[in-house]
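Engineer: what follows is a predicted structure for the sequence shown.
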Amino acid sequence: MLVSLELRPKASKAMVYQSPLIAVFMTLITSMVMFWLMDTDPFLAINAYFIEPVSTLDGVAELLVKATPLILIALGLSVGFQANIWNIGAEGQLTLGAIFSGGIALAYFDVDTPFLLPAMLVFGVLGGMFWAAIPAILKVRYNTNEILTSLMLTYVGLLLLSYLIHGPLRDPDGFNFPESRLFHDSALLPIIIEGSRLHIGFLLTLFIAVLTWMLLIKHIIGFQIRVIGMAPAAARFAGFKQKKLIWITLLFSGGAAGLAGAFEVSGPIGQIVPVISPGYGFTAIIVAFLGRLHPLGVVLAGILMALTYLGGDAAQITMNLPNAVTGVFQGMLLFFLLASDVLIRYRFKIGSIKKETT
Amino acid sequence: MIIDLIVPALLTIITASTPLVFAAVGEIVVEKSGVLNLGVEGMMVVGAVGGFAIAIITDDPVLAILAGALSGMLMALIFGLLTLYFYSNQVATGLALTLFGIGFSALLGHKFVGITFEGLPKLYISGLSDIPGIGQLIFGQDVLVYFSILSAIAVTWFLGRTRWGMIVRAVGENHDSAHSIGFSVTSVRLSCILFGGAMAGLGGAYLSLAYTPLWVENMTAGRGWIALALVVFASWRPWRAFFGAYLFGGITIIQLYAQGLGVDVPSQILSMLPYLATIIVLIVISRDDSRLRLNAPACLGRNFHTSG
């Protein structure tokens, strides 16, 4: 090989931040080629996909509406990922959060009280935590792999929602449509920008980002999380309680995803429907990596990924491109990111590494 | 007669289990070489759409099966390049492969929604296939069912009895030693990853060509993840994975029969059974940490670079 990779003496700090930019750039180039292959004008497609949707105030508000659950879930996941706890069942935890908080709203559908909304948010968090507590207890007690259990529970959660919405939670006056009643006004999140769907949940999410940052940087728990991820042996010698960290990271990420579910039903949706989320729980995994598992990065990455959802919907309407392009964009972005991350620890070297020097 | 109930049930179990056999047996080879590819679901779903698309375009079942395997293999190639040559985290790359595969297959399959395929031709041996009951069961399956059984036997033999199988295991147990003896860790792993991809692709193609011969977005519905659980359940032994897959196939069809027998449980609750069963299996199998560590390839999930 003419070009090979050699280990850098020290991991490159600069590359940690440059790599997402390289990945975004490569994704844009590749997707333009892809559009060209699909007989679509690449520049028109990119314009329809990424620029037009956010060229109005309404568009920007809608962008932030979609960014809210992505940021919130990714904040939770990034804490766990740093400790090598791979909760990938956020989609299920979001669903349970939506069921719990929506359940409260429907139980008190005819009561007008300022306590309803806070109760819904608390129950949303509890719902997500409950669903994440199952992988946590299984991992702590039986050593089961949390990747598989949290994912299996996602399927169970989605089926549970489907059952509830076709049965107990269905609107009694809804002509058998699988939808709940519309929530009462006191069960809806206040809107920040008049005339848009941007709700106060976005501001709460930014506040939680700051709290997460403080937890990670200033608190001993954050320190332990980072050590356990980077040097598990050192963490054991230092006497960190691994089981406690498993509980904390899973409950934190589950709670965040549950809150995102509560925001969705009390914000843009306003009732319980068979599909609460277009895969936010999975896309948030990409957001967490793209944001370098750092709260500020997660906020920026969440907004960027929200644009792929918005663009997907817009391009479907204006250019008749299938909505599935969104998933392809998202997957490609993560591939390029993972590929360019190699440059954090390695660097290119012209000429092959000589055998005797290894 | 009782046989009238059992034979159709067994036939359904076979069709529900075959995709899991392919995916799990393929992943065993991958993991034996020390690579954890969590992208089975993504490779399966792309295999499903690839096989189905070629089936509709050419109307040739053989080409369709090959296309399914090839689609899974191409997906695996992405994973192999990223993890082996760019040293990316295997867990993250596997997740990326699944997320990408689901989107990519939906994009490719968007033209094929609503079209049906006649299904794979079934074996027919005059006389043998006509034996009531077992005739159809043993001599009346499609080629992929036989191939899935064959693959479990072949992989058992390959890993346990051949020189190349030994090399694969050596690379998975200790890649540094394998490298210093002179084996190319990267090429061995890449071959295993590609084989795993082809097998996952076949599993996916079975779904869209035989199980329900049509294309639906996201039609694998978590089977790739169940296959991953089966690998742990089987302690990385192909024949155990084979029986595990049939156990799961059995659970999957309980829901069909329970409804047929008029059991009053909502269909969604019954549909949860395979996922819940996976969790229970994982609990039973993971409880004994030492046993798990004894069976798991020592280098599973660890990347290899010549400078260490």
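Structural biologist: Yep, it's here.

Engineer: number of residues surrounding the nearest residue to A:L75 once chain neighbours are set aside?
Structural biologist: In space, A:L75 comes closest to A:T212 once its chain neighbours are excluded; the distance is 4.8 Å by CB to CB, 6 or more residues apart in numbering or on different chains. From N, CA and C alone the C-beta is placed, and that goes for glycine too. Applying other CB atoms under 10 Å in any protein chain shown, we find 22 residues neighbouring A:T212.

Engineer: my read is that A:T212 contacts A:P295, right?
Structural biologist: Yes - here A:T212 reaches A:P295: they are 4.7 Å apart, a contact under CB atoms under 8 Å.

Engineer: and for those two, which residues touch both?
Structural biologist: A:L75, A:S78 (CB atoms under 8 Å, 6 or more residues apart in numbering or on different chains).

Engineer: show me where pLDDT drops low in the chain?
Structural biologist: Just so you know, I chose chain A. A:1-2, A:351-358 (pLDDT under 70).

Engineer: chain B, not that one
Structural biologist: B:1-3, B:259, B:307-308.

Engineer: how about it: which residue is closest to chain A?
Structural biologist: Going by CB to the nearest CB, chain A is nearest to B:G103 of chain B, at 1.9 Å.

Engineer: what about that residue, which SS state?
Structural biologist: helix (DSSP: H, G, I helix; E, B strand; the rest coil).

Engineer: again with A:S4
Structural biologist: strand.

Engineer: quickly note the distance from it to A:Y346.
Structural biologist: 9 Å (CB to CB, to the nearest Å).

Engineer: the two: who's more crowded?
Structural biologist: Taking other CB under 10 Å, A:S4 and A:Y346 do not tie; A:Y346 has more neighbours (20 against 13).

Engineer: so which bits of stretch A:118-132 are buried?
Structural biologist: A:119-132 (16 or more other CB atoms under 10 Å in any protein chain shown).

Engineer: so which of the residues you listed are in strands?
Structural biologist: Members of the buried residues of stretch A:118-132 lying in strands (criterion: DSSP state E): none.

Engineer: show me where the stretch 201-350 of chain A has its strands.
Structural biologist: For the stretch 201-350 of chain A, the strands defined by DSSP state E, counting those that start in this stretch occupy A:346-350.

Engineer: residue of it nearest chain B, please.
Structural biologist: Closest to chain B within the stretch 201-350 of chain A is A:G327: 1.9 Å, counting by CB to the nearest CB.

Engineer: any idea how far that residue is from B:A23?
Structural biologist: For A:G327, the distance to B:A23 - CB to CB - is 21 Å.

Engineer: more neighbours, these two?
Structural biologist: B:A23 (36 against 27).

Engineer: packing partners for the helix or strand containing that one?
Structural biologist: Assigned by DSSP states H and E, B:A23 belongs to helix B:2-32. Contacts defined by 3 or more CB pairs under 8 Å, 6 or more residues apart in numbering or on different chains; DSSP states H and E place helix B:2-32 against helix B:40-58, helix B:134-139, helix B:143-161, helix B:163-173, helix B:185-206, helix B:223-233, helix B:238-260.

Engineer: how about these in a markdown table, adding distance to B:F117?
Structural biologist: Listed next are the helices and strands packed on helix B:2-32 as a markdown table, based on distance: least, CB to CB, whole Å:
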| stretch | distance to B:F117 |
| --- | --- |
| helix B:40-58 | 5 |
| helix B:134-139 | 21 |
| helix B:143-161 | 14 |
| helix B:163-173 | 36 |
| helix B:185-206 | 11 |
| helix B:223-233 | 19 |
| helix B:238-260 | 21 |
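
Engineer: closest to B:G114 out of these?
Structural biologist: helix B:40-58 (11.1 Å; CB to CB).

Engineer: next, the closest residue to B:V7 other than its chain neighbours: phi, psi?
Structural biologist: Closest residue in space to B:V7, ignoring its immediate chain neighbours: B:G133 at 5.3 Å, by CB to CB, 6+ apart. For B:G133, the backbone dihedrals (degrees, to the nearest 10) come out as phi 80, psi -100.

Engineer: what residues does the stretch 151-300 of chain B have near chain A?
Structural biologist: When proximity is defined as CB under 8 Å from any CB of the partner chain, the stretch 151-300 of chain B approaches chain A at B:217, B:221-222, B:225-226, B:228-229, B:232, B:266, B:268-269, B:271-272, B:275-276, B:278-279, B:282-283, B:286-287, B:289, B:292.

Engineer: so which of those sit within helices?
Structural biologist: B:225-226, B:228-229, B:232, B:268-269, B:271, B:275-276, B:278-279, B:282-283, B:286, B:289, B:292 (DSSP state H).

Engineer: in ChimeraX, select just the buried ones from the residues you listed.
Structural biologist: Burial among those is assessed by 16+ other CB under 10 Å; the matching ChimeraX selection reads:
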select /B:225,226,228,229,232,268,269,271,275,278,279,282,286,292
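
Engineer: residue contacts, the residue of the stretch 101-250 of chain A found nearest chain B?
Structural biologist: Scanning the stretch 101-250 of chain A for the residue nearest chain B gives A:Y163, at 3.7 Å (criterion: CB to the nearest CB). By CB under 8 Å, 6+ apart, the contact set of A:Y163 is B:P266, B:Q268, B:I269.

Engineer: gap between whichever helix or strand it is part of and the chain center?
Structural biologist: Assigned by DSSP H and E, A:Y163 belongs to helix A:146-166. With CA atoms, centre = their mean, to the nearest Å as the basis, helix A:146-166 stands 17 Å off its chain's centre.

Engineer: need the CA coordinates for it. CSV is fine.
Structural biologist: C-alpha atoms of helix A:146-166 as CSV (Å, rounded to 0.1, in the frame of the first residue of the first chain):
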residue,chain,number,x,y,z
GLU,A,146,-28.2,-4.0,27.4
ILE,A,147,-28.0,-3.5,23.6
LEU,A,148,-30.2,-6.5,22.9
THR,A,149,-32.6,-6.1,25.9
SER,A,150,-33.2,-2.4,25.3
LEU,A,151,-33.8,-3.0,21.7
MET,A,152,-36.2,-6.0,22.3
LEU,A,153,-38.1,-3.7,24.7
THR,A,154,-38.5,-1.1,21.9
TYR,A,155,-40.5,-3.6,19.9
VAL,A,156,-42.5,-4.6,23.0
GLY,A,157,-43.1,-0.9,23.7
LEU,A,158,-44.3,-0.1,20.2
LEU,A,159,-46.7,-3.1,20.3
LEU,A,160,-47.9,-2.0,23.7
LEU,A,161,-48.8,1.4,22.2
SER,A,162,-50.5,-0.3,19.3
TYR,A,163,-52.6,-2.4,21.7
LEU,A,164,-53.5,0.6,23.9
ILE,A,165,-54.5,2.8,21.0
HIS,A,166,-56.6,0.1,19.4
